[in-house]
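Q: This is the structure alone, sequence omitted:
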């Protein structure tokens, strides 16, 4: 951590905040199921049996483990018309058998009473996950990639697209999520009628023979692996922000194979976490995993997480601006150090030759400021503290209520169109 290692008082002159945490929703009442259209969904939490069904060409699978409510896992047959796969495995945040059609409700919900998953929490921060269903196993592949064929479905469609109720699925291969499309982790907010719409099927009418109001077309995650040795796979799905409105992932029989089809499906979205130092009344934000680990462990006295987080782009993502991070020298303040982040290339060039500031690194990317951010993006609203306390500090907000609160406290809105740029929902 370049400058926090120099001083525990290192501060950030700007930070980002996501929308307010999700508000509680009432528990829906499920109607009775009519005769199912998917010919059969059978509850089965036997991890070895589930994993064996996924074995395809070029792989062997071993050391399987299931984590979750026993009713959340099962197998299906007769699913071609509904989900584009004839047979396979289903993992659900509710009961696996409820994945069958017809679509009886827009809010089908079962509270399973199981926890979420820490790796999924990291994808949806600052929200947390509930009712996780997880299937893990080792894959020994013949080639340097594997492919895993799946469909994601959720009852959150369409009412809660763009909200914190962003149900999520991930397929971690050796710790790296490959369930990404257009560079974004697969979730309600990243594949829907407005974002990546070619991958989305709206089932609110019930035309598809499944309970879920929306689902993806069959997708394939492709991951880099080491051939000839075991590689750990973790397939996880969970509700986000509350335990209601079920979601599921369908996995095709024989759908784990090696090699995978096409390029590795990586992500160009990372999470930035905000911290606050009450004694200094300053904020710090970072997307660097090592810095996050140190800060979370209390390595720098006084810094605590605010509970706010937001998505940014990895460096080099097409169409984005690199954000440069600078650290203040004694000419800015001899009492409190600070950081300055900018995506303006000319401003960065000027700071690079300014003796008050030391360039540290390019840290993440954001889209340029525009009058209205594209669908699937949200504006970062820039605020400046007017050098309160003699040291400059900036924050970037996406919630108008937070913006109004900061303005009332004396902060000044800045930036083209009142923002720094656009970031992913």
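A: Happy to help now that I have it. This structure is a prediction, so every number in the text was calculated from the model and none was measured.

Q: wait, what's in contact with residue 224?
A: 144-145, 173, 264 (Cβ atoms under 8 Å, 6 or more residues apart in numbering). For the C-beta atoms, the positions are set from N, CA and C on the backbone; glycine is no exception.

Q: Give the bridge partners for it, please.
A: residue 145 (DSSP bridges).

Q: Tell me the confidence at it?
A: Reading off the confidence values, residue 224 has pLDDT 97.

Q: on that earlier part again, between the contacts of residue 224, which sits nearest residue 107?
A: Checking the contacts of residue 224 against residue 107 with Cβ to Cβ, the nearest one is residue 173 at 33.1 Å.

Q: Next one, pLDDT for the closest one please.
A: 98.

Q: Residue 114 now?
A: Looking at residue 114, the pLDDT reads 95.

Q: Test my guess that it contacts residue 129.
A: No - counting by Cβ atoms under 8 Å, residue 114 does not reach residue 129; the two are 10.3 Å apart.

Q: quick one, which of the two is more surrounded?
A: Ranked by neighbour count (other Cβ atoms under 10 Å), residue 114 and residue 129 place residue 129 first, with 27 against 18.

Q: If the more buried one is in a bridge, with which residues?
A: Under the criterion used (DSSP bridges), residue 129 bridges to residue 240.

Q: what's the distance between it and residue 239?
A: Plainly put, residue 129 is 6 Å away from residue 239 if you go by Cβ to Cβ, to the nearest Å.

Q: Now the common contact residues for those two.
A: residue 116.

Q: Would you indicate which residues of stretch 149-165 are buried?
A: 149-158, 160-165 (16 or more other Cβ atoms under 10 Å).

Q: now, which of these sits nearest residue 282?
A: residue 164 (26.6 Å).

Q: Tell me the confidence at the residue nearest to the spatial centre of the chain?
A: By Cα atoms, centre = their mean, the chain has its centre lying nearest to residue 123, at 3.0 Å. Looking at residue 123, its pLDDT reads 92.

Q: ok, it - contacts?
A: With contact taken as Cβ under 8 Å, 6+ apart, residue 123 is in contact with 168, 170, 177, 185, 187, 271.

Q: from those residues, which is closest to residue 375?
A: For the contacts of residue 123, the nearest to residue 375 is residue 187 (15.1 Å; Cβ to Cβ).

Q: Just the buried residues out of the contacts of residue 224, in PyMOL syntax.
A: Burial among those is assessed by 16+ other Cβ under 10 Å; the matching PyMOL selection reads:
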select buried, resi 145+173+264
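
Q: Identify the farthest-apart pair in the contacts of residue 224.
A: 144 and 173 (12.1 Å).

Q: got any residues that touch both of the two?
A: 224-225.

Q: In this structure residue 417 contacts residue 370, no?
A: Yes - contact criterion Cβ under 8 Å: residue 417 and residue 370 qualify, at 6.7 Å.

Q: Any idea how far stretch 357-372 is from the middle of the chain?
A: 20 Å (Cα atoms, centre = their mean, to the nearest Å).

Q: now stretch 114-129
A: With Cα atoms, centre = their mean, you get 9 Å for stretch 114-129.

Q: Point out where this structure drops to low pLDDT.
A: Scanning the chain for pLDDT under 70 picks out the ranges 1-23, 29, 31-39, 331-334.

Q: what's in contact with stretch 345-365?
A: 2-3, 270, 272, 286-288, 312-317, 320-329, 331-332, 339-343.

Q: Please indicate which of those are buried?
A: 3, 270, 272, 286-288, 312-313, 315, 317, 320-328, 332, 339-343.

Q: Restricted to strands, list those residues.
A: Using DSSP state E, the subset of the buried ones among the contacts of stretch 345-365 located in strands is 270, 272, 286, 312-313, 321-328, 339-342.

Q: In terms of helices and strands, where is the nearest residue to residue 215 once chain neighbours are set aside?
A: Residue nearest to residue 215 in three dimensions, not counting chain neighbours: residue 153, with 3.7 Å by Cβ to Cβ, 6 or more residues apart in numbering. Counting by DSSP states H and E, the element that carries residue 153 is strand 145-154.

Q: Does anything pack onto that strand? Which helices or strands?
A: strand 168-173, strand 214-216, strand 219-224, strand 231-240, strand 247-257 (3 or more Cβ pairs under 8 Å, 6 or more residues apart in numbering; DSSP states H and E).

Q: Using a markdown table, lay out those strands together with distance to residue 68.
A: Listed next are the helices and strands packed on strand 145-154 as a markdown table, based on distance: least, Cβ to Cβ, whole Å:
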| stretch | distance to residue 68 |
| --- | --- |
| strand 168-173 | 13 |
| strand 214-216 | 20 |
| strand 219-224 | 20 |
| strand 231-240 | 9 |
| strand 247-257 | 12 |
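
Q: Do a quick rundown of the helices in this structure.
A: 47-53, 80-83, 118-124, 289-296, 345-352, 400-408 (DSSP state H).

Q: Since that was my last question, I'll sign off now.
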